[in-house]
Structure formats: C-alpha cells, structure tokens
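**Student:** Predicted model, plus sequence, below.
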Amino acid sequence: MFVANETVEYLDSDPVEGTSTGITVCSVDYSNLKDWDKRILQSDGGSWRQSTYYGEYKRDFWHEIPVYLIASEQGVILGQLLVFFTHPYGWSLNRHGLLSLAPVLDRVFPWVYCAEGPIVFDGKRFVDVHEALYTWVIEEARRRGCVGCSLTPSFYDPFFLTHRETLKERLAKIGFLAKEKSTFVVDLDGSEEELFTRLKKEARNKVRKGEKQGIKVDKIGDTAKEADLMLQAMRETASRNSVAPITRKTFEKSSWKCLYNDGLSHGFISRSTEGHLLSSQQCVKFNGIISLGGVSYTDFSRDSSLYGNDLVQWRVIQWGLHAGCRLIDFTGVSPNSKSEKMKAIYAFKSKWGGRKLDYVEFTFEFSNIRQLVHQFITRKIGSLLKGLYRRIRFIQKLR
C-alpha cells in the first residue's frame with residue numbers, strides 16, 4: 001500500500017470539506033499537476049483514464065472539461081480523481097464526426113463522469129475518499145445544472161473488492177444508484193506455458209490453427225500505411241455490425257493515434273501468408289495494465305476461416321507478459337444480455353484464461369427541467385433515430 005505524503009499546494013479552488021469524513025477536497029490547476037501521474041504509477045489501482053494524458057486528450061479533441069481533484073486530510077493526500085464535465089453524447093458525436101457540436105450540448109445537457117477513479121493512496125480510507133470526492137462532484141454538478149452523473153471506481157484497485165458492498169451502501173445514502181457491470185481480466189502472473197494452459201480449449205485450438213495457417217502477427221507503428229490497415233479492418237467490422245464506419249478524420253483524432261508518441265498506444269495486425277489483412281487490435285499500456293479496444297477483423301478473414309484475430313489475442317498476452325505487465329483488461333462484457341451479439345462477445349472474451357471481474361457504475365440523476373427534456377429525447381427521439389438509421393443501413397445493403 002502506498003500512502004502519499006505530499007502536502008496540497010497550488011489550489012485552483014477553495015478547499016471543501018467532504019461530508020462527515022473530515023476529508024478536504026479541492027481542484028488543482030493543470031499547470032500544477034507535475035506529480036499527478038507519478039502518484040498514479042505508485043498505485044495498483046492507477047488507470048490511464050485517470051492520467052493527465054487522458055484528461056488533456058479529452059480536452060483537446062472531445063471538447064470536454066477535465067477537473068483534477070485532490071482529497072486530503074491535514075495536508076496529506078489520500079486520493080485524487082479526474083472527472084469530466086461534458087454532455088452524454090460524446091461517443092455518438094465522435095463516431096459521426098460531429099464533435100464540433102459538443103460546446104452547444106455542454107450548455108444544453110451538461111453531464112459529468114469519471115472512469116476508473118478515484119485513485120486511493122490509503123486503503124483504510126478507501127470508502128471515505130470515494131464519498132468525499134463523489135460528494136464534491138455531485139454538489140458541483142448540481143451547481144452547473146447537470147442532467148446526470150456517471151462515476152465508476154477503479155476496479156483494478158485490490159481494495160475495491162474488499163470494500164465494494166460498503167461503498168455501495170455509503171453512496172446509496174447520498175442518492176447514487178448502483179449499476180452492475182463486468183469485464184474479463186487476464187492476470188499475467190505465470191509463464192507462457194501456464195498462461196496458454198489457462199486458455200479455454202477453443203482458444204488453444206484456434207491459436208494452434210492460426211500458427212499452422214502461417215498467419216503473421218505484427219506490432220505496428222502509426223505510419224500512414226499501417227494506420228490505413230488498422231482503419232480498413234475497423235471500417236469493415238463497423239459495416240458488418242451496422243455501426244457508422246469511422247472516418248479518416250475521426251481516426252486521426254482517436255486516442256490511439258494521439259497518444260502513440262507518448263508511448264501509451266500500441267497496435268497489432270494479422271495477415272495471411274499471401275499478405276491479406278485479417279485483423280487489427282488496439283490497446284493502451286499504462287501502469288502495468290493493458291486495456292484492449294478496437295478489435296476488428298476483415299470480411300476476408302471471416303470468409304476464409306482464418307484465425308488471425310485469435311492469434312493476435314494470444315500474441316498480445318505474450319507481449320504483455322514479457323513487457324512486465326500485471327494484467328490485460330478485455331474491457332467490458334454483458335454476461336446476462338439476451339442479445340446474440342453480446343453473447344458472442346462474452347464467449348470470445350471469456351476464452352482467454354481471464355477471470356470475470358464485477359464492478360459498479362454509480363449514477364445520479366438530478367431533478368431539473370433539463371433532465372426531463374434529456375430523458376424524453378433519450379427514450380423517445382433516440383429510439384426513433386436508431387430505428388431510422390437501421391432502416392437506412394438495411395436499404396444500403398440491399399443495393
């Protein structure tokens with residue numbers, strides 16, 4: 001356990017005492033965050049989504065407002081939290097190349113969220129730190145007239161499982177609702193042979209078949225040629241799934257592309273013996289944790305029954321092990337979903353020798369006119385637009 005002993009300096013806001021915990025919460029100006037990421041790297045719960053890399057990327061490209069918070073007691077830092085004040089439509093706007101609308105939506109439907117935070121430096125105060133920081137967020141969100149709030153603790157923190165139920169009870173008293181979620185994580189705590197043995201039989205067989213098929217897996221850079229290959233696989237996958245294909249402009253502003261030079265982003269592609277592109281895989285490596293994302297495979301790969309995507313997953317596990325990482329997060333599954341698509345995703349992610357890790361997303365809805373309008377748009381107009389988009393995609397496929 002790491003207990004930070006720095007004192008709090010360079011406050012951007014006046015300290016606010018958090019509820020009955022006795023913990024003081026304050027925001028810190030970006031220019032004074034020289035030790036922010038250093039502290040994250042000293043905690044097993046430290047996620048890249050709580051780093052300044054992520055915070056400033058979101059500011060620059062998604063027009064979100066990062067707020068860096070410090071929780072302290074008698075000048076000693078107990079935890080820190082990165083939250084974003086924005087709107088609830090970020091992913092959709094980004095996917096359709098409409099992020100220029102973000103400033104307008106920020107004013108119309110303000111929203112606040114955090115991912116995998118706070119980072120807590122004193123496990124004995126785990127629940128207290130969460131309560132103090134989350135209370136600050138709620139009060140500030142209410143002041144800004146936000147329609148809602150979504151806060152997800154760091155499930156990488158070993159103290160999370162210990163204090164999970166107590167945390168749910170404490171936050172429920174404030175008004176938070178707990179939404180159960182799950183992911184699969186592969187612990188890189190054995191040899192290659194041991195990790196391979198942990199794979200399900202189907203995964204082991206497909207990895208062996210991929211190797212026999214002569215499939216080549218390469219770790220790529222961010223050159224135009226390599227980026228084009230990754231983009232090709234992503235666009236084909238999106239089209240099959242009736243999702244708006246990512247544009248070149250959007251890809252150039254993706255976190256993978258923008259954070260490559262910082263050493264966080266990594267990418268893998270697989271090709272057949274003839275050089276045909278089969279699949280691509282993006283990931284972020286930070287603080288011993290590999291977060292997977294952007295898994296894609298081509299129509300040629302599927303039609304030819306080539307196991308490039310499976311072989312890539314195993315190569316990433318091997319790479320993570322030899323890079324000294326602690327775990328790989330397959331980033332999200334829905335174990336109880338009735339959707340055939342989500343069932344297939346669950347089956348794929350569960351076969352790589354990982355353990356299902358259950359975590360919680362805490363949500364909070366505010367009672368104001370904006371929230372009522374937002375609720376109407378989400379439930380009524382949103383479903384109509386989704387249905388219209390599906391019809392358009394269906395007609396395009398018939399042509």
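**Tutor:** Yes, it's here.

**Student:** For R107, pull up the helix or strand it's in.
**Tutor:** Assigned by DSSP states H and E, R107 belongs to helix 102-108.

**Student:** Check which residues of that helix are buried.
**Tutor:** With burial defined by 16 or more other C-beta atoms under 10 Å, the residues of helix 102-108 counted as buried are A102, L105, D106. Using the backbone N, CA and C atoms, a C-beta is placed for each residue, glycine as well.

**Student:** for stretch 344-357, same thing?
**Tutor:** Judged by neighbour count (16+ other C-beta under 10 Å), stretch 344-357 contains these buried residues: I345, Y346, F348, K349, S350, K351, W352, G353, G354, L357.

**Student:** Off-centre distance for it?
**Tutor:** 17 Å (C-alpha atoms, centre = their mean, to the nearest Å).

**Student:** Kindly check the end-to-end length of it for me.
**Tutor:** For stretch 344-357, the separation between the terminal residues is 18 Å (C-alpha to C-alpha, to the nearest Å).

**Student:** what's the single longest helix in this protein?
**Tutor:** Longest helix of the chain, by residue count under DSSP state H: helix 126-144.

**Student:** in that one, what's buried?
**Tutor:** Applying 16+ other C-beta under 10 Å to helix 126-144 flags 126-138, 140-141 as buried.

**Student:** Ok, stretch 52-60 next?
**Tutor:** In stretch 52-60, counting by 16+ other C-beta under 10 Å, buried: T52, Y53, Y54, G55, Y57, K58.

**Student:** can you list the weak-confidence ranges in this protein?
**Tutor:** 1-21, 95-96, 367-399 (pLDDT under 70).

**Student:** let's see it at 80
**Tutor:** By pLDDT under 80, the weakly predicted segments of the chain are 1-21, 31, 91-100, 222-224, 241-246, 367-399.

**Student:** Provide the contact partners of the longest helix of the chain at residue level.
**Tutor:** For helix 126-144, contacts defined as C-beta atoms under 8 Å, 6 or more residues apart in numbering pick out 16, 18-19, 21-25, 67, 69, 71, 78-79, 81, 83, 85, 110, 112, 114, 118, 120, 122, 149, 151, 153, 157, 159-160, 162-163, 166-167, 170-171, 174-176, 362, 364, 366.

**Student:** so of these, which ones are in strands?
**Tutor:** Using DSSP state E, the subset of these located in strands is 16, 18, 23-25, 67, 69, 71, 78-79, 81, 83, 85, 112, 114, 120, 149, 151, 362, 364.

**Student:** burial measure for K179, as a count.
**Tutor:** K179 has 12 neighbouring residues, counting by other C-beta atoms under 10 Å.
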